[in-house]
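In: From the sequence below, what's the structure:
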Amino acid sequence: MKASTIAGLLALGVIAGVGITSLGSLKRFEHRTMSCSNPMIGPFELVVNRAKVGQTAQLTQPQGNFTLIIKAISDGVIIADHDQRRLRFSIDFTNEKVLVQENSKLKSSKCKTTEFSM
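Out: This next block holds a predicted model:
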């Protein structure tokens, strides 16, 4: 009787471990990149390490690197701003698209994404 109880608890532990791991709650590091070209701002790359409001994302262009502030996340779309350049990025990793807004102009880009997590 004790052996079957131990086997049952062990099976529950394995199932719980697999469930937690598949949900991504044990991720220590996440690095997501989008490589794009936009008719308004040219080629660029966006790097998001932590998709949380208040965290930063990195914008890389031939002109240099810029820090974006993540302002909102809604339905998997990350909204990030660069206030000094008056740029807003709507980053959609699922559909591999980025909307770039500069003042009142808005242009869409189809991008290539890469993701790495541990």
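
In: need the helices for the chain, in chain order.
Out: Counting by DSSP state H, the segments of the chain that form helices are 2-23.

In: Sheet partners, orientation included, of the lengthiest strand in it?
Out: Assignment by DSSP state E gives strand 64-74 as the longest strand of the chain. Strand 64-74 has the following strand partners under DSSP bridges: strand 56-61 (antiparallel), strand 77-82 (antiparallel).

In: For the first one, what is the distance to the chain centroid?
Out: Average the C-alpha atoms of strand 56-61, do the same for its chain, and the two points are 12 Å apart (CA atoms, centre = their mean, to the nearest Å).

In: Give me the buried positions along that strand.
Out: Buried positions in strand 56-61, judged by neighbour count with 16 or more other CB atoms under 10 Å: Ala57, Leu59. Where C-beta positions appear, they are placed from N, C-alpha and C, glycine not excepted.

In: pull the CA atoms of that strand into CSV?
Out: Provided in CSV are the C-alpha atoms of strand 56-61 (Å, rounded to 0.1, in the frame of the first residue of the first chain):
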residue,chain,number,x,y,z
THR,A,56,12.7,48.8,-21.7
ALA,A,57,13.2,47.5,-25.2
GLN,A,58,16.2,48.3,-27.5
LEU,A,59,15.8,49.9,-30.9
THR,A,60,18.9,49.5,-33.1
GLN,A,61,19.2,51.5,-36.4
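
In: Show the average pLDDT along stretch 48-64.
Out: Averaged over stretch 48-64, pLDDT sits at 92.

In: Stretch 76-84 now?
Out: Confidence over stretch 76-84 (mean pLDDT, whole number) is 92.

In: what sits up against that stretch?
Out: With contact meaning CB atoms under 8 Å, 6 or more residues apart in numbering, stretch 76-84 is reached by 46, 48, 51, 57, 59, 66-73, 87-94.

In: Which members of these are classed as buried?
Out: 46, 48, 51, 57, 59, 68, 70, 87-93.

In: now, which of those lie within strands?
Out: Cross-referencing these against strands under DSSP E gives Leu46, Val48, Ala57, Leu59, Leu68, Ile70, Leu87, Arg88, Phe89, Ser90, Ile91, Asp92.
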